[in-house]
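In: fold the following for me, if possible:
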Amino acid sequence: MKFRSVSPSVTDNPPSVTPPKRFSLKVALWLLDNPRIGDNPNIKHFAGRLLKQPAREGVVAAQSRLGLLMCRECGNARDRRIGHDLLRQAARAGDPGAQRALGQIKD
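Out: Here you go, the predicted model:
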């Protein structure tokens, strides 16, 4: 005997859109801004990993901070180029910190 089920789209309410999680962004910014631990290279690496997904999703604050971190802390040209791209995206979105940083880098 074969049971036929009604598709979930007919019986269920439409799924509500959940806002993206910004917890990782807040933790990363707190880590970088904390004067006691923010200078530690391991903390900077961890914060960069936390900022990566929000920056990909288009969060301007994450793009700006990750771009600054990559431009200042990374040793290879590829990471610095990615950092410049992130700063440009944040500057186009109107972030004043990214605009200042781009002005300092180009001068």
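
In: from now on I want contacts and neighbour counts done on CA atoms only, so please keep to that.
Out: Noted.

In: check contacts around the most centrally placed residue in the chain.
Out: The chain has A55 as the residue nearest its centroid, 2.6 Å off, counting by CA atoms, centre = their mean. Residues near A55 by CA atoms under 8 Å, 6 or more residues apart in numbering: A61, A62, Q63, L66, L86.

In: show me where this protein dips below the pLDDT cut-off.
Out: Scanning the chain with the threshold set as pLDDT under 70 gives 1-21, 106-107.

In: please redo it, this time with the cut-off set to 80
Out: Scanning the chain for pLDDT under 80 picks out 1-22, 105-107.

In: what segments of the chain are strands?
Out: Read by DSSP state E, the chain holds no strands at all.

In: need the helices for it, in chain order.
Out: Here the chain has its helices, by DSSP state H, at 8-11, 23-33, 41-56, 60-73, 77-92, 96-106.

In: redo the contacts of A55 as CSV? Include neighbour count and distance to Q104.
Out: Conversion of the contacts of A55 to CSV gives the following (neighbours: other CA atoms under 10 Å; distance: CA to CA, whole Å):
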residue, neighbour count, distance to Q104
A61, 20, 18
A62, 28, 19
Q63, 29, 17
L66, 28, 16
L86, 26, 15
